[in-house]
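Novice: No letters, just coordinates:
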């Protein structure tokens, strides 16, 4: 089952089921006002939404207006982003000229969750000098997870899977990281591909709490990378258990995998500029790939469009203050 | 004007105005369903809520049931906690056996905001071995702050002021801090004193974006400290501008000062156990004050009860998983 959120003037938007060919949708009117409500009452909601989804596959529904697609959760109560691909961590420390992070536990930070950008909207950022970068990753939406839930019971809480671009500002990231407080300025709002999919929708690609699909990134129309989601050191069940160690996770919490990255980066490329720059540093002593400029276009896709696509431009933020 | 939230079975509770003597309240029925809504539409809401408040001072209202008081915002879209008292930072690094943090900018992390505990509720935590500690601090609730708002325009966005206990787990904090990702497990849900007050309610105590009031902490009935809120290195306007550098702050964002701490700690004491332990380490080479045990009681108060009181016990978390 694929779900999406259409803009309707409200902050949480309108929940719809999406057909397999992504051409038609059926509003969940009378079932749930929005996805946050659905995830809070999932057992009942899932049954009804699957019925809606079947109606759609039987030919019902209306044409999907792709311009109205928001992030599946336009805002969430919590966004906890891991960094579960060890190859990414290793390369990033090199990119930042920092020693390897010594830890035996999943790496995770709490990020901005009050606003997730639609996958097709312009991304307003204040300055090219901040080192604008993308980070392609997978994420999951969980229902309520009680404090202390162990990893072997955590996977049942994964209700929907997402494709996310975690925008990052690399000139600020190492400065904030050195304080130990994590990132605030370095992590503006993320973008999310329009379709949130149930685990069964991924078939065999959802295994061991990992999304076994290449994440394809295109920069200004050129191939940039397609590393595979299977190389997570910790699966999503481990990340959920880590997050829930000392807190209840509210229904609708989004947990991210961190940037997808593979050991064989020379053939599959990367999901962020910083990694490619680190690889260049290792190979030639200097980074040659620049960070993004306003007007640059980033496209992300996975699993033959099962999540829909992220395809957007970064632009200068203009605010009337 | 003092505002509070009463439990009514909903997650956001019911907004009420509170009398100066904290004995009576008037529900904001017909004005705003809850405080989040009020802060989103503040110019209109403030006018109406002040009328309500005047009715209350003229003798209207109903008896306030203190047992029904929740945190003013039982949940918020964003909680960004600073660490603006340099004396606290210096002592904490000693407590954690870490070098001083070198930074010219405000320190800030993003914390759990989907749940703020009432000031009188038990605080369920998983293990005494985590090094359970309290952190007394002030916070502000802002309306919408556009990305890039400078510090000299940021103070206008402060609509309400709070007293907060930022619960912290000290056995985990330095481990997470060393990763550079900030705190997830080390920072469970905060507690908030029941009354959110407008800046004018504090009179001369609200100056330069700082709360010039001692924050009084009592541990198991014994005085623990009453350091003064005026010694912030950065005022709340600086913290807001820092937070809004690369993101829009959504209305209802809470910004914290970090643990109140003074240079003359020998006379005023501390707002957290870790600080006292660091002071003991400096004085005698070893910490003698233990972290909290289940059953311990922490009380916080400031400004003759203007925020109401935080007065609660830490307890073992028991969850049916």
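Specialist: Okay, I see it. All values reported here derive from a predicted model rather than from experimental measurement. Numbers count the residues shown, from 1 in each chain, chains lettered A, B, ... in the order given.
Novice: burial count for the closest residue to residue A:101 other than its chain neighbours?
Specialist: Distance criterion CB to CB, 6 or more residues apart in numbering or on different chains; nearest residue to residue A:101, sequence neighbours excluded, is residue B:179 at 5.3 Å. All C-beta atoms are positioned from the backbone trio N, CA, C, and that covers glycine. Using other CB atoms under 10 Å in any protein chain shown, residue B:179 has 22 other residues around it.
Novice: which stretches of the stretch 1-150 of chain A form strands?
Specialist: All strands of the stretch 1-150 of chain A, identified by DSSP state E, counting those that start in this stretch, fall at A:2-6, A:14-18, A:24-27, A:62-63, A:79-82, A:108-111, A:117-118, A:123-125, A:132-133, A:136-142.
Novice: Compare the ones you listed and give me the one nearest residue A:272.
Specialist: Closest to residue A:272 of the strands of the stretch 1-150 of chain A is strand A:132-133 (CB to CB; 5.4 Å).
Novice: Provide the strand pairings for the closest one, with the direction of each partner.
Specialist: In the sheet, strand A:132-133 lines up against strand A:168-169 (antiparallel) (DSSP bridges).
Novice: pLDDT on the strand it pairs with, on average?
Specialist: Strand A:168-169 shows a mean pLDDT of 98.
Novice: What of stretch A:144-162?
Specialist: Averaging pLDDT along stretch A:144-162 yields 98.
Novice: same thing with stretch A:48-67?
Specialist: pLDDT averaged over stretch A:48-67 gives 96.
Novice: contacting residues around that stretch?
Specialist: The contact list for stretch A:48-67 (CB atoms under 8 Å, 6 or more residues apart in numbering or on different chains) reads A:1-4, A:6, A:16-20, A:22-26, A:28, A:31-32, A:38, A:120, A:194.
Novice: Now for the residue nearest to residue A:101: which residues touch it?
Specialist: With CB under 8 Å, 6+ apart, residue B:179 has these contacts: A:101, A:103, A:107.
Novice: for the second one, what are its contacts?
Specialist: Read it as residue A:103. Listed by CB under 8 Å, 6+ apart, the contact set of residue A:103 reads B:175, B:178, B:179.
Novice: now do residue A:42
Specialist: Under the criterion of CB under 8 Å, 6+ apart, the contact list for residue A:42 reads A:143, A:159, A:251.
Novice: Distance-wise, check it relative to residue A:157.
Specialist: Note on residue A:42: its distance to residue A:157, by CB to CB, to the nearest Å, is 9 Å.
Novice: and the residue of chain A nearest chain B?
Specialist: Across chain A, the shortest distance to chain B (CB to the nearest CB) belongs to residue A:182, at 2.1 Å.
Novice: and stretch A:82-91, is it in reach of chain B?
Specialist: Yes: for stretch A:82-91 and chain B, the contact criterion (CB under 8 Å from any CB of the partner chain) is met by residue A:83.
Novice: quick one: contacts of that stretch?
Specialist: Residues from elsewhere that reach stretch A:82-91 (CB under 8 Å, 6+ apart): A:100-101, A:106-108, A:227, A:231-235, A:238-239, A:242, A:255-263, A:265, A:270, A:272, A:274-275, A:278-279, B:181.
Novice: list the contacts for residue A:178?
Specialist: For residue A:178, the contact set (CB under 8 Å, 6+ apart) comprises A:98, B:101, B:102, B:103, B:180.
Novice: what's the distance between residue A:303 and residue A:214?
Specialist: Residue A:303 sits 8 Å away from residue A:214, going by CB to CB.
Novice: next one: residue A:200
Specialist: Separation of residue A:200 from residue A:214 (CB to CB): 20 Å.
Novice: Of the two, which one has the most company?
Specialist: It is residue A:214, of residue A:200 and residue A:214, that has more neighbours when counted by other CB under 10 Å, with 21 against 9.
Novice: The more buried one - nearest residue in space that isn't next to it in sequence?
Specialist: Once flanking residues are discounted, residue A:214 sits nearest to residue A:226: 4.1 Å by CB to CB, 6+ apart.
Novice: And for residue A:41?
Specialist: Excluding the flanking residues, the one nearest residue A:41 by CB to CB, 6+ apart is residue A:32, at 7.4 Å.
Novice: count of neighbours near that neighbour?
Specialist: 21.
Novice: separation between the nearest residue to residue A:85 once chain neighbours are set aside and residue B:278?
Specialist: Nearest in space to residue A:85, with sequence neighbours left out and distances taken as CB to CB, 6+ apart, is residue A:261 at 4.1 Å. From residue A:261 across to residue B:278, the span is 39 Å (CB to CB).
Novice: how about the helices in the stretch 101-250 of chain A?
Specialist: Here the stretch 101-250 of chain A has its helices, by DSSP state H, counting those that start in this stretch, at A:151-154, A:173-179, A:236-243.
Novice: Give me whichever of those helices is most buried.
Specialist: Stretch with highest mean neighbour count among the helices of the stretch 101-250 of chain A: helix A:236-243 (a mean of 25; mean count of other CB atoms under 10 Å in any protein chain shown).
Novice: How about that one and chain B, any contact?
Specialist: Yes: contact between helix A:236-243 and chain B, assessed by CB under 8 Å from any CB, occurs at A:242, A:243.
Novice: which residues are contacting that helix?
Specialist: Outside helix A:236-243, the residues within contact range by CB under 8 Å, 6+ apart are A:80, A:82, A:84, A:105-106, A:108, A:140, A:142, A:145, A:149-152, A:154-155, A:157-158, A:209-210, A:234, A:249, A:253, A:255, A:257, B:184-185.
Novice: tilt between it and strand A:136-142?
Specialist: Here the directions of helix A:236-243 and strand A:136-142 differ by 70 degrees (axes from the mean of the first three to the mean of the last three CA atoms, to 10 degrees).
Novice: Quick one: name whatever helix or strand follows helix A:236-243.
Specialist: strand A:254-256 (DSSP states H and E).
Novice: In terms of secondary structure, what does that following strand contact?
Specialist: In terms of contacts (3 or more CB pairs under 8 Å, 6 or more residues apart in numbering or on different chains; DSSP states H and E), strand A:254-256 is packed against strand A:79-82, strand A:136-142, strand A:158-165, helix A:236-243.
Novice: May I see those organised as JSON lines, with distance to residue B:315 added?
Specialist: Below are the helices and strands packed on strand A:254-256 laid out as JSON lines (distance: least, CB to CB, whole Å):
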{"stretch": "strand A:79-82", "distance to residue B:315": "25"}
{"stretch": "strand A:136-142", "distance to residue B:315": "25"}
{"stretch": "strand A:158-165", "distance to residue B:315": "30"}
{"stretch": "helix A:236-243", "distance to residue B:315": "22"}
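Novice: returning to that earlier point: wait, the residue of chain A closest to chain B sits on residue B:183?
Specialist: Yes: with contact defined as CB atoms under 8 Å, residue A:182 and residue B:183 form a contacting pair (7.2 Å).
Novice: tell me the angle the top helix by length along chain A makes with strand A:158-165.
Specialist: Secondary structure of chain A read by DSSP state H shows that its longest helix is helix A:42-57. If you take the same axes, to 10 degrees, helix A:42-57 sits at 70 degrees to strand A:158-165.
Novice: buried sites along helix A:42-57?
Specialist: Buried residues in helix A:42-57, counting neighbours by 16 or more other CB atoms under 10 Å in any protein chain shown, are found at A:42, A:45, A:46, A:48, A:49, A:52, A:53, A:56.
Novice: likewise stretch A:153-170?
Specialist: Taking 16+ other CB under 10 Å as the neighbour-count basis, stretch A:153-170 is seen to contain the buried residues A:154-155, A:157-170.
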